[in-house]
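Undergrad: just coords:
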């Protein structure tokens with residue numbers, strides 16, 4: 001049983017690790033122009049170099065489900081804590097390697113090839129990190145506190161993106177634009193890897209969850225993914241549907257929000273980036289609030305209400321956007337943030353302990369690889385082809401499908417022992 005103080009320590013260890021692991025993942029996108037200039041042929045031009053860097057960034061998303069399933073296999077057989085402590089070290093190693101990797105001018109075509117391989121490693125480690133952390137934390141917290149605990153983890157992950165933006169601004173301010181562009185961006189990668197190693201020293205002493213200890217005493221599954229697909233395929237579909245809403249909200253109302261506002265809201269890019277940063281920061285506050293509410297009145301009940309609200313408000317929000325400014329979309333982002341904070345309490349309880357990590361990896365990483373990776377492109381393509389309201393229709397459709405995927409009955413499968 002976990003006393004509140006022990007659970008607080010457990011939650012903070014998990015959340016702080018999430019901050020720096022997602023920081024390591026997203027600084028690649030933040031420094032895409034600098035990375036493109038360093039690792040791709042100069043004769044292609046700056047725009048082409050930046051585009052090539054973003055394509056390498058997308059490789060990390062595609063690698064997430066592969067890494068997620070591989071690490072989940074280990075988590076369901078060897079333990080959540082083992083994966084929880086080792087993925088952060090893999091991310092730190094890949095990030096430091098990018099910081100030290102010679103550029104195109106030094107080693108030629110080997111530079112982009114090695115960059116792609118390192119980005120694959122980053123994606124595979126992050127794919128294992130989030131499901132394992134979510135599983136580990138939910139099983140420690142138990143049903144009555146898993147909402148606020150898992151939502152705090154996601155607030156940490158979200159804050160990693162904010163930290164990356166702040167570090168980028170600080171490097172440019174301290175070194176100047178020219179030095180930051182030429183070599184200063186590497187400092188951000190060194191910083192991320194250093195903190196990652198520190199996080200590993202903290203995490204390597206964390207204990208296994210009581211739920212997994214009981215599972216290990218009974219005997220673990222030889223191939224957890226095969227067991228999942230044979231015995232709980234419906235829960236895997238439910239998880240993917242819920243995670244798709246999460247991925248679409250993050251991709252369209254957080255990550256690609258500046259590009260959308262700049263293109264369709266007549267805002268300068270700097271203003272659009274500030275608005276998107278404020279919305280993302282608000283999400284880090286809303287997540288734990290929604291998790292607390294899920295613990296009090298039930299995660300499925302809160303998720304159902306928020307998904308219905310998203311489905312109803314999505315089309316009017318994008319329809320009113322051209323005439324009413326950014327406020328309707330900011331409200332949609334707030335509703336989406338509340339849903340993200342609430343549904344994480346429900347997600348681990350969809351699966352039995354023997355296949356829990358595999359189920360989370362399949363649903364979460366699969367949704368983010370497809371919906372999250374293609375979301376920015378899909379949003380801008382829909383808006384350009386059919387107007388901004390088409391993006392609202394897509395959000396409404398995804399939310400409605402997720403409502404149908406919610407379990408009709410109360411989920412009795414607790415994520416871990418009930419805390420005292």
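TA: That came through, no problem. This structure is a prediction, so every number in the text was calculated from the model and none was measured. Numbering: from 1, shown residues only.

Undergrad: My read is that residue 332 contacts residue 257, right?
TA: No: Residue 332 is beyond contact range of residue 257, at 10.6 Å (criterion: C-beta atoms under 8 Å). The C-beta positions use only the backbone N, C-alpha and C, and glycine is treated the same way.

Undergrad: Please name the nearest non-neighbouring residue to the residue positioned nearest the centre of the chain.
TA: Within the chain, one residue has its C-alpha closest to the average C-alpha position: by C-alpha atoms, centre = their mean, that is residue 157, at 6.5 Å. Nearest residue to residue 157, sequence neighbours excluded (C-beta to C-beta, 6 or more residues apart in numbering): residue 18, at 4.1 Å.

Undergrad: so where does the one you found fall, helix or strand?
TA: helix 4-30 (DSSP states H and E).

Undergrad: confidence score at residue 415?
TA: Looking at residue 415, its pLDDT stands at 47.

Undergrad: What segments of the stretch 151-300 of the chain are helices?
TA: Shown for the stretch 151-300 of the chain, the helices assigned by DSSP state H, counting those that start in this stretch span residues 177-179, 185-203, 210-218, 224-231, 233-250, 257-264, 269-297, 299-324.

Undergrad: Which one of those helices lies nearest to residue 100?
TA: helix 185-203 (7.7 Å; C-beta to C-beta).

Undergrad: Any idea how far that closest one is from the middle of the chain?
TA: Helix 185-203 has its C-alpha centroid displaced from the chain centroid by 18 Å (C-alpha atoms, centre = their mean, to the nearest Å).

Undergrad: Next: stretch 129-142.
TA: Offset of stretch 129-142 from its chain centre (C-alpha atoms, centre = their mean): 14 Å.

Undergrad: tell me the mean pLDDT for stretch 121-135?
TA: Here stretch 121-135 scores 85 as its mean pLDDT.

Undergrad: Equivalent analysis for stretch 309-320, please.
TA: In this model, stretch 309-320 carries a mean pLDDT of 94.

Undergrad: What is the distance between it and the centre of its chain?
TA: Put simply, stretch 309-320 sits 24 Å off its chain's centre (C-alpha atoms, centre = their mean).

Undergrad: And that stretch, what's buried?
TA: Buried residues in stretch 309-320, counted by 16 or more other C-beta atoms under 10 Å: 309-311, 313-315, 317-320.

Undergrad: same deal with stretch 165-175?
TA: Neighbour-count burial for stretch 165-175 [16+ other C-beta under 10 Å]: 165, 167-168, 171-172, 175.

Undergrad: Around the residue lying closest to residue 287 once chain neighbours are set aside, how many other residues sit close by?
TA: Spatial nearest neighbour of residue 287, chain neighbours left out: residue 341 (3.6 Å); criterion: C-beta to C-beta, 6+ apart. Using other C-beta atoms under 10 Å, residue 341 has 32 other residues around it.

Undergrad: Provide a list of residues in contact with the nearest residue to residue 204 once chain neighbours are set aside.
TA: Sequence neighbours aside, residue 85 is the residue nearest to residue 204 in space, at 4.6 Å (criterion: C-beta to C-beta, 6+ apart). For residue 85, the contacting residues are 200, 203-204, 206, by C-beta atoms under 8 Å, 6 or more residues apart in numbering.

Undergrad: which helices and strands does the helix or strand bottoming out on mean pLDDT in the chain pack with?
TA: One helix or strand of the chain scores below all others by mean pLDDT, DSSP states H and E: helix 4-30, with a mean of 72. Under the contact criterion of 3 or more C-beta pairs under 8 Å, 6 or more residues apart in numbering; DSSP states H and E, helix 4-30 touches helix 46-77, helix 80-100, helix 110-141, helix 146-175, helix 185-203.

Undergrad: got the buried residues for it?
TA: Judged by neighbour count (16+ other C-beta under 10 Å), helix 4-30 contains these buried residues: 7, 10-11, 13-30.

Undergrad: helix or strand for residue 332, which one?
TA: Per DSSP H and E: residue 332 is located in helix 327-346.

Undergrad: Tell me which helix or strand comes right after that helix.
TA: helix 356-360.

Undergrad: mind checking the SS state of the spatially most distant residue from the centre of the chain?
TA: Relative to the C-alpha centroid of the chain, counting by C-alpha atoms, centre = their mean, residue 43 is the outermost residue, at 34.8 Å. The three-state assignment at residue 43 reads helix, by DSSP: H, G, I helix; E, B strand; the rest coil.

Undergrad: Report the separation between it and residue 131.
TA: According to C-beta to C-beta, to the nearest Å, residue 43 stands 42 Å off from residue 131.

Undergrad: Residue 38 too?
TA: Look at residue 38 and residue 131: by C-beta to C-beta, they are 32 Å apart.

Undergrad: ditto for residue 93
TA: In terms of C-beta to C-beta, residue 93 sits 20 Å off from residue 131.

Undergrad: Settle it for me: which of those two has more neighbours?
TA: residue 131 (31 against 17).

Undergrad: that older thread, I'd like the average pLDDT over the helix or strand following the helix holding residue 18.
TA: As assigned by DSSP H and E, the chain's next helix or strand after helix 4-30 is helix 32-39. For helix 32-39, mean pLDDT is 88.

Undergrad: Could you give the separation of helix 32-39 from the chain centroid?
TA: 24 Å.

Undergrad: elements contacting it?
TA: Secondary-structure packing of helix 32-39 (3+ C-beta pairs under 8 Å, 6+ apart): helix 46-77, helix 110-141.

Undergrad: Check those helices for me and report the most buried one.
TA: helix 110-141 (a mean of 25; mean count of other C-beta atoms under 10 Å).

Undergrad: any idea how far that helix is from the chain center?
TA: Computed by C-alpha atoms, centre = their mean, the separation of helix 110-141 from the middle of its chain amounts to 10 Å.

Undergrad: and the angle for it with helix 80-100?
TA: Angle between the axes of helix 110-141 and helix 80-100 is 150 degrees (criterion: axes from the mean of the first three to the mean of the last three C-alpha atoms, to 10 degrees).

Undergrad: circling back: can you tell me how far the residue nearest to the centre of the chain sits from residue 297?
TA: Distance from residue 157 to residue 297, by C-beta to C-beta: 25 Å.

Undergrad: Residue 349 is in contact with residue 143, correct?
TA: Yes: between residue 143 and residue 349 there is a contact under C-beta under 8 Å: 7.1 Å.
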